[in-house]
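Engineer: sequence plus the predicted model coming up.
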Amino acid sequence: MINRIKSLIWIIVVLTTTGTSQAQSNQKQTQKQVEKLYSGLWTDKQTTRQLEISFQYGYATITDWTSKFQKRESGDIYQGSIKNGKLIMPEDTQHRAPYSEILYKNNTLIYLTKSIDSGKTLEWDKRVFTRVISKSQ
């Protein structure tokens with residue numbers, strides 16, 4: 001009887017750890033796929049605003065500049081993370097950075113920005129970015 005209980009516990013442990021590692025593997029694969037969708041250079045043709053998005057250690061670095069007025073090196077840099085398939089940048093009142101969400105849809109990025117201290121109002125600024133294709137591709 002004790003041997004059966006030990007065997008049952010062993011089987012449960014093996015099944016649990018196998019399922020967990022498989023789920024973690026799938027989650028990492030999905031994270032990599034989402035990062036690949038967002039990574040790169042994007043432009044808003046109406047405003048010449050540029051976004052360059054890269055990922056490291058699960059976090060996104062977003063460099064934001066307007067090429068008509070400034071160089072990439074003088075752009076604003078934000079940090080974000082992927083949550084539910086969206087790139088989320090939390091509000092940072094110290095640096096006057098509003099809460100923003102970036103969604104990937106039909107080979108474009110939809111950049112939604114909520115005003116700082118907008119409370120519960122649902123007013124969002126919406127910009128559409130397209131991927132910049134380099135001449136070497």
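Structural biologist: Now that the structure is in, tell me what you want to look at. This is a predicted model, so every value here is computed, not measured.
Engineer: now the strands: where do they sit in this protein?
Structural biologist: Here the chain has its strands, by DSSP state E, at 40-44, 49-56, 59-66, 76-83, 86-89, 100-105, 108-114, 124-131.
Engineer: comparing those, which comes out most buried?
Structural biologist: Comparing the strands of the chain by mean neighbour count (mean count of other C-beta atoms under 10 Å), strand 86-89 comes out on top with a mean of 19. No exception for glycine: its C-beta is placed from N, CA and C like everyone else's.
Engineer: so what strands line up beside that strand?
Structural biologist: strand 76-83 (antiparallel), strand 100-105 (antiparallel) (DSSP bridges).
Engineer: run through this protein and note the low-pLDDT ranges.
Structural biologist: 1, 3-29, 95, 116-122, 134-137 (pLDDT under 70).
Engineer: could you redo the last one with a cut-off of 50?
Structural biologist: Residue ranges of the chain with pLDDT under 50: 20-25, 137.
Engineer: center of it, which residue is that?
Structural biologist: For the chain, the residue nearest the mean C-alpha position is Leu87 (2.9 Å; C-alpha atoms, centre = their mean).
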